[in-house]
Each structure stands twice: as structure tokens, then as C-alpha cells.
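**Student:** could you look at this predicted model? Sequence included:
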Amino acid sequence: MTTVATRPATMAGALTRALRDAMAADPAVHVLGEDVGTLGGVFRITDGLAKEFGEDRCTDTPLAEAGILGTAVGMAMYGLRPVVEMQFDAFAYPAFEQLVSHVAKTRNRTRGAMSLPLTIRVPYGGGIGGVEHHSDSSEAYYLATPGLHVVTPATVADAYGLLRAAIASDDPVVFLEPKRLYWSKDAWNPEEPAPVEPLGRAVVRRSGRSATLITYGPSVPVCLEAAEAARAEGWDLEVVDLRSLVPFDDETVCASVRRTGRAIVVHESGSFGGPGGEIAARVTERCFHHLEAPVLRVAGFDVPYPPPMLERYHLPGVDRILDAVGRLQWEAGS
């Protein structure tokens, strides 16, 4: 086989390639959603799929999210592997009843006799200058719904690998795509992508000794930037990219926190009732005797998403993260 040189690729391109490869490998994989066919999706993630595989496998739907997801439930019940695209995070809310009442409960309701191999792609998060309904961080709703897997990539390679793993899963997966990272680039060989790993594994993006930044999705690059800036203050920060929120990788997270003795959870979602509270509780329960300070959170403010000119204040940034690191050092008395 001829080796193709590694070259810069975007997250959007990796997602498109993942869908194309999954559809080519398994005729049961179908893509459906608003404008996914002729237009190629509002972010062009499904560009070219209808032309290559036909409109019966990459299907434009009416503007009716509950109907889209309800249709996908029936498809999955009959042996297909539908991949649903919700145009924006907050546009998915009309389908929430289907998600909670049927998608998340079918395997349990049938005592394991029926699974729903269904992937729900949701562009989420801010950083694109969008208004409300276009910049929500809705992951907390999905985390609070037993029966769902919830994953989110932060790199080009993970965008490909996690989406392939999600589509291959026999359980429903909510696949959260960080909109602000769609056009981020990494060196990646689409002909020789990284092996598809099982869902539920975090990864250490940067090693350090002073404290652990626990994060995911759109906040990963921000935490890596903060870790570089922290070097000027003499702080050596470790950055853990969760990748999978459900299942949660307690082993990797806790191993890091036990090494550093301090932890900060960083995400765009609001602080009250957000994922950081659950993550902080899990870390505290499992690492209590290793912690030198309380687990802190740096998150979006507990308000509806602000107008575009204010989002830079709303989203966790380097300064807010470094401020939290300073508080950790003070709490620890060092």
C-alpha cells in the first residue's frame, strides 16, 4: 500500500472522512438531518456524501428534530445504524423527549434484547460569535440521562477515531462537536488514521507536576495555552483531555490528580449543575487523601449565552484559569 504523507487537516475534514469511511464499510450506516444532503450540512461536514452514497443513505429531512430522532429510533430498531445531525446544540431540544424516553431507555426496557446503535451529532459550544440557540453547552443534560454515551473530540485525530467508535457502538452515543474547533488543524494522514479506540478513555495532553487541568472539547486548547503561560509563574500544569464524559475514565483522571495533588475542572458549560460539579465530586471521593487543596472549577457564567461581543468574557480563558491556579497554590499554603 502506498503511504500518503501526513499533512495538515481540519477537524471538519476528519469528521467528513469518518462518516465516509463508516458508510463505505457498512451499508447499514445512514446519515440524516436538516440540509445534510444537497447542502452538505450547515458546517459542510456531510459534503459529498449524498453524491457518493445516494440520497437514500444521506437524507435531507424536514425541520422537525423530534421527527428526525424518532425516525432514527425506528431505523435502529430495524437493524440500521443511523447518524443524526442536529444543526446546532439548542436546536436539539425539541428532540429531547425522544432521547430521554426512548433512545436512552430501550436497552433497559427490553432487558437487553434490543439496543439502539444510534449516533447523534451535535455541534456545540461558543467561540464563533453566535447568538443564543447557536452557542449552547448542553452536555449536562445528556450526562444526567442514564443510557447514553457522551463523547467530544478536541483534536483532528480524535474527531475521526471517536466518531468511528461512536458509529460502531451498539449503544446510543451523543457526539458533541466543538464548533470553534471545526477549522482547527493538525498534522494527520487520512489514509492511515489512528486506530479506533474504545469509548471511555481520557488522555494526558501535557504532563506536569503543579496541578491537573481536567477538561474536554473546546476548552482543551485553552488549557494547553494556559499551561504554557503558567510556566512564567513557575507552575507546571498537567492537562487531561477527557474525550469521553460517559463512560468516564476515573483511572486516568485520578492517577493524574494523585501525582499533582491539585485539580481544576475547566469547561464552557455553566458552573451550577454543570459537568464540573460531578467531576469534582468523583475526584474528591477517590483522591481525598492526595489533595492539597479543594478541587476548583473554571466555567461559563450561570446566564444564558451572551451576545457575540460579550462571549470573550463569558468563556473560560487563560487569565481565569491562571487565577484559579493561583488560588490553588494559596489554598495549599505554597
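**Tutor:** Nice, I can see it.

**Student:** show me the shaky parts of the stretch 151-300 of the chain.
**Tutor:** In the prediction, the stretch 151-300 of the chain carries residues with pLDDT under 70 at positions 193-195.

**Student:** any idea how far Val265 is from Arg282?
**Tutor:** Taking CB to CB, to the nearest Å as the measure, Arg282 falls 10 Å from Val265. Using the backbone N, CA and C atoms, a C-beta is placed for each residue, glycine as well.

**Student:** the longest strand along the chain - contacts with which helices or strands?
**Tutor:** Longest among the strand segments of the chain by residue count, using DSSP state E, is strand 263-270. Here strand 263-270 touches helix 139-143, strand 211-215, helix 275-287, strand 296-300, helix 318-332, going by 3 or more CB pairs under 8 Å, 6 or more residues apart in numbering; DSSP states H and E.

**Student:** and those as a markdown table, adding distance to Ser244?
**Tutor:** Compiled in a markdown table, those are given as follows (distance: least, CB to CB, whole Å):
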| stretch | distance to Ser244 |
| --- | --- |
| helix 139-143 | 11 |
| strand 211-215 | 13 |
| helix 275-287 | 12 |
| strand 296-300 | 19 |
| helix 318-332 | 22 |
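
**Student:** return the most buried member of these.
**Tutor:** By mean neighbour count, with neighbours taken as mean count of other CB atoms under 10 Å, strand 211-215 ranks first of the helices and strands packed on strand 263-270 at a mean of 29.

**Student:** for stretch 241-259, buried residues please.
**Tutor:** 241-246, 248-250, 252-254, 256-258 (16 or more other CB atoms under 10 Å).

**Student:** nearest to Ala12 among those?
**Tutor:** In terms of CB to CB, no member of the buried residues of stretch 241-259 lies closer to Ala12 than Arg243, at 18.2 Å.

**Student:** hey, where'd the helices end up in this structure?
**Tutor:** Per DSSP state H, the chain carries helices over the ranges 11-25, 49-53, 65-77, 96-98, 106-109, 139-143, 156-168, 220-230, 250-260, 275-287, 311-314, 318-332.

**Student:** would you list those in JSON lines and tack on distance to Ser210?
**Tutor:** As requested, the helices of the chain are exported to JSON lines (distance: least, CB to CB, whole Å):
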{"stretch": "helix 11-25", "distance to Ser210": "30"}
{"stretch": "helix 49-53", "distance to Ser210": "46"}
{"stretch": "helix 65-77", "distance to Ser210": "44"}
{"stretch": "helix 96-98", "distance to Ser210": "40"}
{"stretch": "helix 106-109", "distance to Ser210": "43"}
{"stretch": "helix 139-143", "distance to Ser210": "27"}
{"stretch": "helix 156-168", "distance to Ser210": "26"}
{"stretch": "helix 220-230", "distance to Ser210": "8"}
{"stretch": "helix 250-260", "distance to Ser210": "6"}
{"stretch": "helix 275-287", "distance to Ser210": "16"}
{"stretch": "helix 311-314", "distance to Ser210": "26"}
{"stretch": "helix 318-332", "distance to Ser210": "7"}
